[in-house]
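*Asks:* What would the 3D arrangement of this be:
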Amino acid sequence: MLSLSVSAAVPVSNSLGAGDAAAARRATTISIMGGILAGAGGGALMLASRRQWARLYMRGAGVRNGMAKAMTVMAALEVLNFPLNVCGGIVRGTARPAVGMYAVLGGFYLVALPVAVALRFRARRGMEGLLARAGFIVGAAASLTVLVVVVARMDWKADANKARVRDGMGAVGDDVPGSGKEDAPSGNAGEV
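*Replies:* Prediction:
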């Protein structure tokens, strides 16, 4: 998943650094769509092979049934996990790594863990409740929701300006002839 996250972060950060807010937004849209398609494809593949996968390791019917249940949950998780990693890469590409970290920590430790423990011990759902059904899926959905909202509300032009200022290139438009900013004195008395 790291490669998926990085492949979303790099074009976004490069576009912002070049001052091209439209390209950053386009890279974001393409990355999210790719994450959704990859997640749906991976989930469908896991779902389709949930019985055959267990046969590679065990012949027992109980193990195959348990593995089929686990693969069903993992398939649902993959549908959320791919876009989650893409959105994490996008916020990292916009120089907001803490947002992604807090979204994932909050989703999994503040939402998923309490839900999983409640299902395991209160609802007496056993390991199924502790590991899967709602716990991981709810946590991934909560994290993904936070990151999608953050990405949807981004001001791409402001982020492009911040990136150029951070790079020492000045804001977008500063180097445009006729803007009045290209020849403006810097105010340093020691400059020649």
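*Asks:* Now do the buried residues in stretch 139-159.
*Replies:* Neighbour-count burial for stretch 139-159 flags 139-144, 146-148, 150-151, 154, 156-157, 159 (criterion: 16 or more other Cβ atoms under 10 Å). No exception for glycine: its C-beta is placed from N, CA and C like everyone else's.
*Asks:* just checking, which of the residues you listed belong to helices?
*Replies:* Within the buried residues of stretch 139-159, membership in helices is found for 139-144, 146-148, 150-151, 156-157, 159, as judged by DSSP state H.
*Asks:* residues touching the nearest residue to V146 once chain neighbours are set aside, list them.
*Replies:* Once its chain neighbours are removed from consideration, V146 has its nearest residue in A103; the separation is 4.1 Å (Cβ to Cβ, 6 or more residues apart in numbering). Taking Cβ atoms under 8 Å, 6 or more residues apart in numbering as the contact definition, A103 lies against G88, V91, S143, V146, L147, V150.
*Asks:* and which of those residues is nearest R64?
*Replies:* Distance from R64 was checked for each of the contacts of A103 by Cβ to Cβ. The minimum falls on S143, at 31.4 Å.
*Asks:* wait, that closest one sits on Y102?
*Replies:* No. Counting by Cβ atoms under 8 Å, S143 stays clear of Y102, with 9.4 Å between them.
*Asks:* And the helices in this structure?
*Replies:* Counting by DSSP H, the helices of the chain are 2-17, 21-48, 50-55, 61-93, 97-105, 113-117, 126-131, 135-152, 156-166.
*Asks:* what's the spacing between the residue nearest to V146 and V115?
*Replies:* 17 Å (Cβ to Cβ, to the nearest Å).
*Asks:* and if you look at F136?
*Replies:* F136 sits 9 Å away from V115, going by Cβ to Cβ.
*Asks:* All set, thanks.
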